[in-house]
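What follows is a predicted protein model with its sequence.
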Amino acid sequence: MISDTDIPVITYVTPKGGIAASAGTFILISGHVAVMTPGTTCGAAMPVTMSAPGDSPQAADQKTINFLAAHMKTIAEDRGRPGDIAARFVTENLSLNADEALEQGIIDYTADNLDSLLAKVDGLEIDVNDKNIILKTKDAEIVSIDKNLEEKVINVVSDPTVAMLLLMLGIYGLIIGFNSPGFFLPEVLGAICLILGLYGIGTFEVNLVAGFLIILGVGLLVAEVFTPTYGILGVGGVISIVLGILLMPLEPMMPIAWFSKFKVMAIGVGVIGAGLMLIIIAGIWRLRKLSPVHGVEEFANSKGVVIEELNPYGQIKIKGEIWNAVSMGQTTIPTGERVRVVARNDLELVVEPINENK
C-alpha cells in the first residue's frame with residue numbers, strides 16, 4: 001500500500017526506547033522518508049516458526065528466509081537505501097540503533113520529536129511514483145486519525161492470541177449451554193465468541209493440521225459430556241486442543257516474545273479445559289451415587305390419597321400425580337383414605353391403607 005501511494009509517506013520510529021522489529025522494519029524502510037528517534041531500534045526481521053509444541057521458536061525454512069530477504073532488499077533499493085544491509089535484517093537478524101541506521105543509510109534522519117522531524121524535512125524534494133514532490137511541512141497542522149469502531153474490533157480479534165481465546169470461549173460456552181439447556185446465556189455468548197474467533201483466525205495464516213486437532217479436541221469434549229467416560233475422552237480432547245493451538249500460527253514475522261506469550265495462553269486454555277472436565281466428571285460421579293428417582297424405587301414407601309375408591313382397582317394421588325392403583329390383598333379402600341405404596345407393577349401401584357392409630 002505504501003509502495004503504490006501517490007502521497008509522500010514518512011515512517012517514524014518513536015518514542016525513545018521504541019522498536020521497529022520484524023514486520024515493523026519492512027514498514028520503516030518502505031517510507032519515502034524514514035526517521036528514527038535517538039534511542040530506538042530497528043531490524044531483527046528473521047522469520048520464525050514454532051516447529052513442535054513445547055519447542056522454542058526456530059528460524060523459518062531457508063526458502064521463506066530467502067524470499068523475505070529478497071523482498072526487503074527490493075523495497076530498500078526502490079527507496080534508494082542499501083539493499084545488502086536491508087537483506088541482513090532477515091538473513092542475519094541484524095539490529096541497528098538510530099545512529100547506526102542513519103550511518104548505514106537505512107534511514108534519512110533522526111529526530112527527537114515530531115516538530116523536529118517536520119522542521120528537518122521541510123523543503124525536501126522526493127520522488128513519488130516518478131513525480132517530484134517538495135514537502136512543505138513548516139507549521140503544518142497535525143491531524144490524528146483514530147480507528148473507527150470496526151477497525152478497533154478487527155484490530156483486537158485479528159491478534160492470533162485473542163482469536164484463539166475467543167474460539168475456545170465459544171467452544172466451552174456452547175458445550176456448557178448444550179449440557180444445561182434452558183438458560184440460553186452460555187449458548188448466545190458462546191456463539192458470538194466462536195464467530196469472532198473464526199473471523200480472527202481468517203486474518204492470519206494457520207496450520208491446517210492444527211485446525212483438525214482443534215476440531216478433534218472439540219469432538220472429544222462433546223462426546224465426554226454426552227457419553228461420560230470418567231475423563232478419558234475429555235483429557236484426550238484437552239490435549240488435542242492444546243496441541244492444535246500451539247501449532248496453529250504460521251505467521252513468520254511474529255516476534256519471538258509473542259510465541260512465548262502464545263505458548264502460555266495455550267497452556268492456560270489447557271488448564272481451564274482440565275478444570276472444566278474435572279467439574280463435569282465430579283458432577284457425573286455425584287449423580288451416579290444418588291439413589292434412582294425413577295423406576296421401581298421411585299414411590300417406595302411414599303404416601304398418597306385415594307381419589308377413586310379402590311375396589312380393588314382405582315386411582316390415587318401421590319407426589320402431585322394421579323396413578324392407577326390396586327389395593328394389596330384385594331381389599332376395598334374408600335375415597336379420601338391415606339395409603340402407602342408397597343410395590344409397583346409397570347404403570348400401576350400396589351398400596352395398603354395407613355393405620356393412623358399405629
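The structure has been received and is ready for your questions. Numbers count the residues shown, from 1 in each chain.

my read is Ala20 is in a strand, agree?
Yes. Counting by DSSP: H, G, I helix; E, B strand; the rest coil, Ala20 is located in a strand.

From Ile106, how far out is it?
To Ile106, Ala20 is 10 Å away according to C-beta to C-beta, to the nearest Å. All C-beta atoms are positioned from the backbone trio N, CA, C, and that covers glycine.

Between these two, which contacts overlap?
28, 42 (C-beta atoms under 8 Å, 6 or more residues apart in numbering).

Could you check how far Val222 is from Gly237?
From Val222 to Gly237 the distance is 8 Å (C-beta to C-beta).

More neighbours: which of those two?
For Val222 and Gly237, the more surrounded residue by other C-beta atoms under 10 Å is Gly237, and the numbers stand at 26 against 17.

Mind listing what's buried along the host helix or strand of that one?
Assigned by DSSP states H and E, Gly237 falls within helix 232-247. By neighbour count on 16 or more other C-beta atoms under 10 Å, the buried set for helix 232-247 is 233-247.

now stretch 317-332
Applying 16+ other C-beta under 10 Å to stretch 317-332 flags 318, 323, 325-328 as buried.

which residues touch it?
By C-beta under 8 Å, 6+ apart, the residues outside stretch 317-332 that reach it are 299, 302-307, 309-316, 333, 339, 341-343, 345, 347-353.

Now do the SS call for Ala274.
helix.

ok now do it, which residues does it touch?
Counting by C-beta under 8 Å, 6+ apart, Ala274 touches 235, 238.

same thing but 7 Å
Ala274 makes contact with Val238, according to C-beta atoms under 7 Å, 6 or more residues apart in numbering.

any idea of the pLDDT on it?
Listed pLDDT for Ala274 reads 71.

go on, the one 3 residues further on?
The per-residue pLDDT reported for Met277 equals 67.

What of Ser144?
On pLDDT, Ser144 comes in at 85.

what does Glu77 give?
According to the prediction, Glu77 has pLDDT 92.

ok, Ser3 touching Ser30?
Yes. At 6.4 Å, Ser3 and Ser30 qualify as touching, with contact defined as C-beta atoms under 7 Å.
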